[in-house]
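# Got a predicted structure plus its sequence, pasted below:
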Amino acid sequence: MSRIGKRPIPVPAGVTVAINGSHVKISGPNGELARTLPTDILVSHEGSELLVKRPSDEERHKALHGLSRTLVANMVEGVTTGFKKVLEITGVGYKAEIKPYGTLLSLGFSHQIEYKAPAGVTIAAPNPTTVVITGASKELVGQVAAEIRSFRKPEPYKGKGVKYQGEVIRRKAGKAGGK
């Protein structure tokens, strides 16, 4: 039995929900999100709550029940408060600049990297070594953060590269040195 799937999703004031079969559309102060859920899963709007139900106790339905409830809950949270990921850039000369066309990253290569954020995602750089990614879609914010991190992952010897805020990089000892 899915304990996550059974929990109702509270819908705050100012958020509108439109359910058309397996298609759920949620709009609020931070934007509008839509998703098509598996056809077996039923979503109903009762009062100020959303309920996600499954047709049977098959393993597949149990798995989709919790997943669908979490996806819908993330949509509601995204249109009300939004999601945020913070990246830290470490290294001499490594920096990020916000330009009109997107973000310009200097990560120690012979060239600078231009990154254009997809619609619905905002990238800010409060200082040259910090990148803040915000948006309504948790999936999209995480994908953008992962793409920027993939340009120069942190290396284990000096820790240079792009990492998530709070991420711990396991450091290795370098050469022992000459005797």
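Arrived safely.

# just checking, what packs against the helix or strand hosting residue 84?
Assigned by DSSP states H and E, residue 84 belongs to strand 83-90. Packing contacts for strand 83-90, counted by 3 or more CB pairs under 8 Å, 6 or more residues apart in numbering; DSSP states H and E, involve strand 130-135, helix 138-151, strand 161-164. Just so you know, the C-beta spots here come from the backbone N, C-alpha and C atoms, and that holds for glycine as well.

# export those to TSV and tack on mean pLDDT?
Shown next, in TSV, are the helices and strands packed on strand 83-90 (pLDDT from 0 to 100):
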stretch	mean pLDDT
strand 130-135	96
helix 138-151	96
strand 161-164	96
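
# and those, which is most packed in?
strand 130-135 (a mean of 20; mean count of other CB atoms under 10 Å).

# picking up where we left off before, list the buried ones in the strand holding residue 84?
83, 85, 87, 89-90 (16 or more other CB atoms under 10 Å).

# Rebuild those residues as JSON lines, extending it with pLDDT.
Shown next, in JSON lines, are the buried residues of strand 83-90 (pLDDT from 0 to 100):
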{"residue": "83", "pLDDT": "96"}
{"residue": "85", "pLDDT": "97"}
{"residue": "87", "pLDDT": "97"}
{"residue": "89", "pLDDT": "96"}
{"residue": "90", "pLDDT": "94"}
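
# which residue is nearest the middle of this structure?
residue 142 (2.9 Å; CA atoms, centre = their mean).

# Against residue 63, how distant is that residue?
Using CB to CB, to the nearest Å, residue 142 is found at 21 Å from residue 63.

# Same question for residue 173.
Residue 173 is 44 Å from residue 63, by CB to CB.

# packing partners for the top helix by length along the chain?
When the chain is parsed with DSSP state H, its longest helix is helix 59-80. In terms of contacts (3+ CB pairs under 8 Å, 6+ apart), helix 59-80 is packed against helix 3-6, strand 9-10, strand 23-28, strand 31-36, strand 49-53, helix 138-151.
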